[in-house]
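J.: No sequence on hand, only this structure:
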């Protein structure tokens, strides 16, 4: 008989025995008597490119930078398809932009 659940752990059956393991997003406590939250924001640097990682118990989510939107799982920041960059290759007079475009940068 095992007592994995009483320590917040999951039981993994092995041949002739068992092992208590921590669920995803958790790690074994140093004393081995249970699990504690894994701070993915610290243990996996760069986990939220284009955003800021926010640790939650057992997981994390990304607060996305402007111009990016959260994935359905909240664990990625994706380019915002509702604001795609347009390619304009026409001739433009200095200081005059076509409708829907704005001037940016040091072009002359």
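T.: Happy to help now that I have it. Please read these numbers as outputs of a predicted model, since none were measured by experiment.
J.: What helices and strands are in contact with whatever helix or strand residue 11 lives in?
T.: Using DSSP states H and E, residue 11 sits in strand 10-14. If contacts are counted by 3 or more C-beta pairs under 8 Å, 6 or more residues apart in numbering; DSSP states H and E, strand 10-14 sits against strand 17-21. Bear in mind the C-beta positions are built from the backbone N, C-alpha and C, glycine included.
J.: and the strand it packs on, how far from the chain's centre?
T.: Strand 17-21 sits 30 Å away from the centroid of its parent chain (C-alpha atoms, centre = their mean, to the nearest Å).
J.: again, but for stretch 54-66
T.: Offset of stretch 54-66 from its chain centre (C-alpha atoms, centre = their mean): 6 Å.
J.: What are the contacting residues of it?
T.: By C-beta atoms under 8 Å, 6 or more residues apart in numbering, the surrounding residues in contact with stretch 54-66 are 23-26, 37, 39-42, 47-48, 50-53, 70-71, 74-77.
J.: Now that stretch: buried residues?
T.: Within stretch 54-66, the residues scored as buried using 16 or more other C-beta atoms under 10 Å are 55, 59, 60, 61, 62, 64.
J.: Check stretch 18-35 too.
T.: 20, 22, 25, 26, 28, 35.
J.: quick one, domains of the protein?
T.: For the chain, whose domains are defined here by the TED database, the residue ranges read 1-36, 39-83.
J.: From residue 74, how far off is residue 28?
T.: Separation of residue 28 from residue 74 (C-beta to C-beta, to the nearest Å): 26 Å.
J.: next one: residue 54
T.: Counting by C-beta to C-beta - residue 54 and residue 74 are separated by 9 Å.
J.: just to confirm, which helix or strand has the most centrally placed residue in the chain in it?
T.: Centroid check for the chain by C-alpha atoms, centre = their mean gives residue 75 as the closest residue, at 2.9 Å. Assigned by DSSP H and E, residue 75 belongs to no helix or strand.
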